[in-house]
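Undergrad: Sequence plus the predicted model coming up.
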Amino acid sequence: MVTVQEATARILQALYTPRVESIPLAQANGRVLAEKITADRDLPPFDRATMDGIAITYQAWYEGRRTFAVTGLQAAGMPPQALQNATHAVEVMTGAVLPGGTDTVVRYEDITIQDGTATINAPTVERGQNIHYQGSDARQNSCLLEPGLVLSPAEVAVLASVGKPFVNVFAPPRAAVVSTGDELVDVVETPLPHQVRRSNGHALVAALESLGVHASLSHLPDNKDVLQTKLRDMVEANDVMILSGGVSKGKFDFVPEVLGSLGVVKHVHQVSQRPGKPFWFGASASGKTVFALPGNPVSTFLCFQRYVRPWLLQSLGVQEAPAYAVLAEPFSFPPRLTHFLQVSVRNEQGRLMAYPDAGGGSGDFANLKNVTGFLELPLEQTRFEAGEVFPYWPFRA
Ligand SMILES: Nc1nc2c(c(=O)[nH]1)N[C@H]1C(S)=C(S)[C@@H](COP(=O)(O)OP(=O)(O)OC[C@H]3O[C@@H](n4cnc5c(N)ncnc54)[C@H](O)[C@@H]3O)O[C@H]1N2
Ligand code: MOO
Ligand SMILES: [Mg+2]
């Protein structure tokens, strides 16, 4: 048995190397960037008027001039005009290039224009006001986006602005979810009194889907030969397999033995934690990864959030800052195990307060609907006081 920290370290030493694929910009939202994006031009690419009004030379204002003959019009999209005379002004529109020879923009609200002459009514004018200077946001060739970034609408705008109709992103791993257990029937079946409908596989597929990974789903019986035959091909055909059930000490818990016989080398089996103690993790010689999660539904769910999700994100180079929350009420947990306490987190004046709602144990998956995540209570402690801060593993906002 290893600690949660040791298990984490071993898992994160066995990352997989994702393939890179080029996708259209319209599909980029939510994907993980696999290339460095640099500015192809200065940002903004020219001195840009930020207000509709007139462009003047500040010096003329400074020397006391308040009226300017309007001798030109600079609309957005027009090549730059030039001011012929420092006593003149050019009408300028937001988004237009600042006309040559001007250095200051005065808003229409601060002027009156009559018979081709603009009069400035504003009490003060600052040199360079209402101009977004070329290169003030970023210089040409400077790095705008780094690999590992999860692309959001904000980054889609950046990609468009630097002329990327296609972008390189990391391809999601080929993934397979396999649930096991003779007592489990399909969702469309009516279970006999001694049977239950299987739910873990569906939860895992949905959890992967929310990370952009489309996994196959299958179910296998508690039969060593069948497991061996079916898992053999699946291990090599996928980058990652996620199994549920059959990893504990029961007479029909064949999964660790079968995986071992297929050349999947055990890196972790049994972690000093509750729920999820029988957790198993291994990798084949060719780097194919297998997570075999304990079958109790809350254990399966927790182990996915605590181990599979970070492994996947780190494999894709995604840096996710660890989350923490404040325990809102005292809690006791005597066993020398890291306890993943189900909590409901509320933001109270900027502090994430975690309210325990432990539920009825690792079989009580219906309780997960009441909570927002798990608080990781360390094994060294048995008593946890209100106000103490612990790592928090959210699975919903
Ligand atoms: N002697 C011991 N017994 C058990 C130990 C132990 O340390 N010593 N650990 C317990 C813990 S903790 C857990 S968690 C479970 C893990 O069991 P397995 O991984 O072997 O899972 P199964 O035995 O196949 O199933 C356990 C439980 O979960 C239900 N299950 C499984 N898959 C699904 C599914 N897809 N959908 C819904 N429910 C599922 C299954 O019906 C069982 O009730 O072992 C303890 N035992
Ligand atoms: O992981 Mo087991 O879930 O403690 O029942
Ligand atoms: Mg079992």
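TA: Sure thing, it's come through. Ligands and ions are numbered 1, 2, ... in the order given.
Undergrad: name the element Val343 belongs to?
TA: strand 338-348 (DSSP states H and E).
Undergrad: what separates the residue most central in space within the chain from ligand 3, distance-wise?
TA: Central residue of the chain (C-alpha atoms, centre = their mean): Val150, 5.2 Å from the mean position. Counting by C-beta to the ion, to the nearest Å, the gap from Val150 to ligand 3 is 36 Å. Where C-beta positions appear, they are placed from N, C-alpha and C, glycine not excepted.
Undergrad: now do Gln314
TA: Distance, Gln314 to ligand 3, using C-beta to the ion: 29 Å.
Undergrad: Equivalent analysis for Thr87, please.
TA: With distances taken as C-beta to the ion, Thr87 is found 90 Å from ligand 3.
Undergrad: count of neighbours near that residue?
TA: 15 (other C-beta atoms under 10 Å).
Undergrad: list the contacts for it?
TA: By C-beta atoms under 8 Å, 6 or more residues apart in numbering, Thr87 lies in contact with Ala60, Arg65, Phe68, Ala69.
Undergrad: Filter those down to the buried ones, ChimeraX style.
TA: Of the contacts of Thr87, the buried ones go into a single ChimeraX selection, burial set by 16 or more other C-beta atoms under 10 Å:
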select :60,68
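Undergrad: out of the contacts of Thr87, which are inside helices?
TA: Counting by DSSP state H, the part of these found in helices is Ala60.
Undergrad: List just the nearest of the contacts of Thr87 to Glu126.
TA: Ala60 (14.2 Å; C-beta to C-beta).
Undergrad: is it true that that closest one touches Phe68?
TA: Yes. Judged on C-beta atoms under 8 Å, Ala60 makes contact with Phe68 at a distance of 7.2 Å.
Undergrad: And the residue in the chain that ligand 1 sits nearest to, what's its pLDDT?
TA: Closest approach between the chain and ligand 1, counting by C-beta to the nearest ligand atom: Gly295, at 2.4 Å. At Gly295, the model reports a pLDDT of 98.
Undergrad: Quick check: residues of the stretch 251-397 of the chain near ligand 1?
TA: Applying C-beta under 6 Å from any ligand atom, one finds that the stretch 251-397 of the chain approaches ligand 1 through Asp253, Pro275, Lys277, Pro278, Pro294, Gly295, Asn296, Pro297, Ser299, Ser362.
Undergrad: which one of those residues has the most neighbours?
TA: Of all those, the highest neighbour tally under other C-beta under 10 Å goes to Ser299, namely 28 neighbours.
Undergrad: Make sure it is actually in contact with Val271.
TA: No. If you go by C-beta under 8 Å, Ser299 and Val271 don't touch, sitting 10.5 Å apart.
Undergrad: what's the overlap in contacts for those two?
TA: Shared contacts of Ser299 and Val271 (C-beta under 8 Å, 6+ apart): Lys277, Phe279.
Undergrad: that older thread, tell me the helix or strand right after the strand holding Val343.
TA: Immediately after strand 338-348, counting by DSSP H and E, sits strand 351-356.
Undergrad: For the helix or strand where Tyr324 lies, name the packing helices and strands.
TA: Using DSSP H and E, Tyr324 maps to strand 323-327. Packing contacts for strand 323-327, counted by 3 or more C-beta pairs under 8 Å, 6 or more residues apart in numbering; DSSP states H and E, involve strand 338-348, strand 351-356, strand 373-377, strand 389-394.
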